[in-house]
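K.L.:
3D model of this:
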Amino acid sequence: MDVMPLLLLVAGSAAVAAAGRRVPVPVPLLLVAVGLAVSYVPGVPDYTLDPHIVLPLLLPPLLYTAATDSSYLDLRAQVRPVALLSVGYVLFATFVVGCAAYLIVPGLPLTAALVFGAVVAPPDAVAATAVARRVGLPSRITTILQGESLVNDATAITAFRVALAAAVGEGATWAGGILEFAIAAVGGVGVGLVLMVPLHWLRTHLREALLQNTLSLLIPFVAYAVAEQVHASGVLAVVVVALYLGHRAWEVDFATRLQEEAVWKMVAFVLESAVFALIGLQLPVVLKGLGEHEGTEAAWYAVVLFLVVAVARFVWVYPASYLPRLSARVRAREGDLPWTGPFVIGWAGMRGVVSLAIAFSIPLTVHDGDPFPERNLILFLTFTTVIGTLVVQGVTLPPLIRLLKFPARDVQTETLAEANAQAQASRAAERRLDELLADERNALPGPLAERLRTVLERRRNAVWERLGQVNPITGETVDDTYRRLSREMISAERDVFVRLRDGRYIDDEMLRTLLRRLDLEEAAAYREAT
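P.N.:
As a prediction, this is how the structure comes out:
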């Protein structure tokens, strides 16, 4: 097996993503553009998306990291709009886009057209999360988009299977399709509910951070595989488990959390970069099989169906946003809803690698051995829809948000809330320290006891200091200066340890021990301003 193409894909996409952080172009779009350009470089192999790799091996970890970073409480508060988008909109888009393809493309059977509709129906989890992070959407809109992208793949995959069964002549019916959807949804949630408690128990009872993080890497694949084995939705199983584990992450020890955050950031960075690069690299593969539809005819179909996909989302989003608000109880609970919020949600429907992977899983033939109707054209139209939404909507979304002038985050209020929370926690810690020191079994010399109080006071005051004056020369708050000086002191210690190792006064094992101690102190003293 030649692993060189895979290594080149991972290394190249990571390099482009790293460079993209220094340019104003959104990283996903830059990766897609570079993938498109590289796909025609002589000697570059064809990177055909294999659905047997993308769906079970790439989708679970991407869903897992997105779900653990999401807020269960926020998603529960937005369950209605999330459900209307992740289930209602996907089914609506499947029908509308499918019917449009049936009317536009001569000779395309309705069943095959509905297969295409299901393929392009779900906005992509990776694309939504990447854009939300980049443009700084309001928290409610970000929650809705993330919640939609976590669940809608399950709806789309089930709708695709039903439409595909009808297209290949397996006698699928609407009643059977509804039953299959219900079984997949209920089964996926059920598998997630069954797995989440024992998996969390394992995470909290394994004593080594290394073992806990190994388990963390296995969890999304286990949840997905178990659900798919019983013909349930692996997507929903992963999301349910991830939301639960993310909500209870505070029960895991600090070493696991520190390692886990670093590990999953790396995994998400590599996979997201590779996924967007893979989208661009599909162009030669798609064009190679286009056949009789080459030229302006296929381009015309692509433009019209892209417009249908874009418009259909607005047709669904606005009624779904405002019709429930006819209820006085809903209006009282949710307050005013400016038109700008639904507009951004409507425009943020980027498609991604899941649509392409599903499209590539369309079989070459139907049950009687005949070729699947217009399979290559469906692949092409899926590709152009994905590229169109990423480029057109992805490029215009940031300036659109700036134009609509969404209210900026109230940093002062957020900092005040953080300071109040820290003050309450510090008072509880102080009371607990007094209780412990009152027991003679916990007797400490005065300086050490005072050091515990000093650390606690420093943690309490640090947040309040961010509300105070800044240094007129450097522009730093007192807290910023404290953290910077702490890092400088730790850096000086680190240099001495390395010099002692180089002079053979200490060995490498001792150096690693000392450096880890400094790393933990630096992590405690310095927080990234995010």
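K.L.:
Run through the residues that contact residue 395.
P.N.:
26, 29 (CB atoms under 8 Å, 6 or more residues apart in numbering). (Glycine included, C-beta is placed from N, CA and C.)
K.L.:
got a pLDDT number for it?
P.N.:
For residue 395, the pLDDT comes out at 82.
K.L.:
What is the three-state secondary structure of it?
P.N.:
Look at residue 395: counting by DSSP: H, G, I helix; E, B strand; the rest coil, its state is helix.
K.L.:
All further residue positions should be reported with the first residue as 712.
P.N.:
From this message on, residue numbering opens at 712, which makes the last subject residue 1106.
K.L.:
Hmm, residue 1085 and residue 818 touching each other?
P.N.:
Yes - Residue 818 lies in contact with residue 1085 (CB atoms under 8 Å); the separation is 7.3 Å.
K.L.:
Looking at those two, which one has more neighbours?
P.N.:
residue 1085 (24 against 8; other CB atoms under 10 Å).
K.L.:
From residue 923, how far out is the more buried one?
P.N.:
49 Å (CB to CB, to the nearest Å).
K.L.:
Could you give the separation of stretch 961-973 from the chain centroid?
P.N.:
The chain centre lies 19 Å from the centre of stretch 961-973; the measure is CA atoms, centre = their mean, to the nearest Å.
K.L.:
what's it in contact with?
P.N.:
911, 914, 915, 920, 921, 923, 924, 927, 960, 1234.
K.L.:
May I see those residues organised as a markdown table, with pLDDT added?
P.N.:
Output for these, formatted as a markdown table (pLDDT from 0 to 100):
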| residue | pLDDT |
| --- | --- |
| 911 | 94 |
| 914 | 90 |
| 915 | 89 |
| 920 | 81 |
| 921 | 85 |
| 923 | 88 |
| 924 | 88 |
| 927 | 93 |
| 960 | 88 |
| 1234 | 76 |
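K.L.:
between the residues you listed, which is nearest residue 787?
P.N.:
residue 960 (16.9 Å; CB to CB).
K.L.:
How about the closest one: what's its closest non-neighbour residue?
P.N.:
residue 968 (6.4 Å; CB to CB, 6 or more residues apart in numbering).
K.L.:
Locate that neighbour within the secondary structure: which element?
P.N.:
Residue 968 is part of helix 965-992 when elements are defined by DSSP states H and E.
K.L.:
Show me what counts as buried in that helix.
P.N.:
967, 971, 975, 978-992 (16 or more other CB atoms under 10 Å).
K.L.:
dump the residue contacts of residue 717.
P.N.:
For residue 717, counting by CB under 8 Å, 6+ apart, there are no contacting residues.
K.L.:
Is it correct that residue 1029 falls within a strand?
P.N.:
No - under three-state DSSP, residue 1029 sits outside any strand and is assigned helix.
K.L.:
Return the helix or strand in the chain with minimum mean pLDDT.
P.N.:
Averaged element by element with mean pLDDT, DSSP states H and E, the chain has its least confident helix or strand at helix 836-846 (a mean of 62).
K.L.:
State the mean pLDDT of the helix or strand that comes right after that one.
P.N.:
Later in the chain than helix 836-846, the nearest helix or strand by DSSP H and E is helix 850-878. Per-residue pLDDT values over helix 850-878 give a mean of 87.
K.L.:
Can you list the buried residues in helix 850-878?
P.N.:
Quick answer for helix 850-878 (16+ other CB under 10 Å): 851-878.
K.L.:
quick revisit: identify the farthest-apart pair in the contacts of stretch 961-973.
P.N.:
Taking CB to CB, no two of those sit farther apart than 911 and 1234, at 24.8 Å.
K.L.:
How much space separates residue 731 from residue 835?
P.N.:
18 Å.
K.L.:
In terms of neighbours, single out the busier of the two.
P.N.:
With neighbours defined as other CB under 10 Å, residue 731 and residue 835 compare such that residue 835 has more, 28 against 20.
K.L.:
Return the per-residue confidence for the residue nearest to that one when sequence neighbours are not counted.
P.N.:
Nearest in space to residue 835, with sequence neighbours left out and distances taken as CB to CB, 6+ apart, is residue 1063 at 2.6 Å. In this model, residue 1063 is scored at 85, pLDDT.
K.L.:
So what does residue 1063 have for phi and psi?
P.N.:
phi -150, psi -150 (degrees, to the nearest 10).
K.L.:
Wait, it touches residue 986, no?
P.N.:
Yes - the pair residue 1063 and residue 986 qualifies as a contact (CB under 8 Å) at a distance of 7.1 Å.
K.L.:
Next, the angle helix 965-992 makes with the helix ranked longest in the chain.
P.N.:
Secondary structure of the chain per DSSP state H: the longest helix is helix 885-916. Taking axes from the mean of the first three to the mean of the last three CA atoms, to 10 degrees, one finds helix 885-916 and helix 965-992 inclined to each other by 140 degrees.
K.L.:
And helix 885-916, what does it pack against?
P.N.:
helix 850-878, helix 920-940, helix 945-958 (3 or more CB pairs under 8 Å, 6 or more residues apart in numbering; DSSP states H and E).
K.L.:
Tell me which of these lies nearest to residue 1055.
P.N.:
Per CB to CB, nearest to residue 1055 of these: helix 850-878, 5.9 Å.
K.L.:
Of the helices and strands packed on helix 885-916, which is nearest residue 1075?
P.N.:
Once the helices and strands packed on helix 885-916 are compared by CB to CB, helix 850-878 is nearest, at 12.6 Å.
K.L.:
per-residue confidence at the most centrally placed residue in the chain?
P.N.:
The structure's the chain has its C-alpha centroid closest to residue 777; by CA atoms, centre = their mean the separation is 3.4 Å. As predicted, residue 777 sits at a pLDDT of 87.
K.L.:
any idea of the angle the helix or strand it falls within forms with helix 850-878?
P.N.:
Assigned by DSSP H and E, residue 777 falls within helix 770-779. Angle, helix 770-779 to helix 850-878, by the same axes, to 10 degrees: 150 degrees.
K.L.:
and helix 770-779 with helix 945-958, angle?
P.N.:
40 degrees.
K.L.:
residues near the residue nearest to residue 850 when sequence neighbours are not counted, how many?
P.N.:
Spatially, and ignoring its direct neighbours in sequence, residue 850 is nearest to residue 785 (7.2 Å; CB to CB, 6+ apart). Residues within reach of residue 785, counting by other CB under 10 Å, total 16.
K.L.:
so residue 785 sits in a strand?
P.N.:
No - per three-state DSSP, residue 785 lies outside any strand segment and is helix.
K.L.:
I'd assumed residue 855 was in contact with it.
P.N.:
No - Residue 785 lies out of contact with residue 855 (CB under 8 Å); the separation is 9.4 Å.
K.L.:
Which element, helix or strand, includes residue 1054?
P.N.:
helix 1051-1058.
K.L.:
now residue 1020
P.N.:
helix 1007-1033.
K.L.:
could you say what helices and strands that helix packs with?
P.N.:
Partner elements for helix 1007-1033 (3+ CB pairs under 8 Å, 6+ apart): helix 801-815, helix 1051-1058, helix 1086-1099.
K.L.:
Check what contacts the last one and list those residues.
P.N.:
So that's helix 1086-1099. 743, 747, 812, 816, 819, 823, 826-827, 830-831, 990-991, 993-994, 997-998, 1000-1002, 1004, 1009, 1012-1013, 1016-1017, 1020, 1062-1064, 1066-1067, 1070-1071, 1073, 1075.
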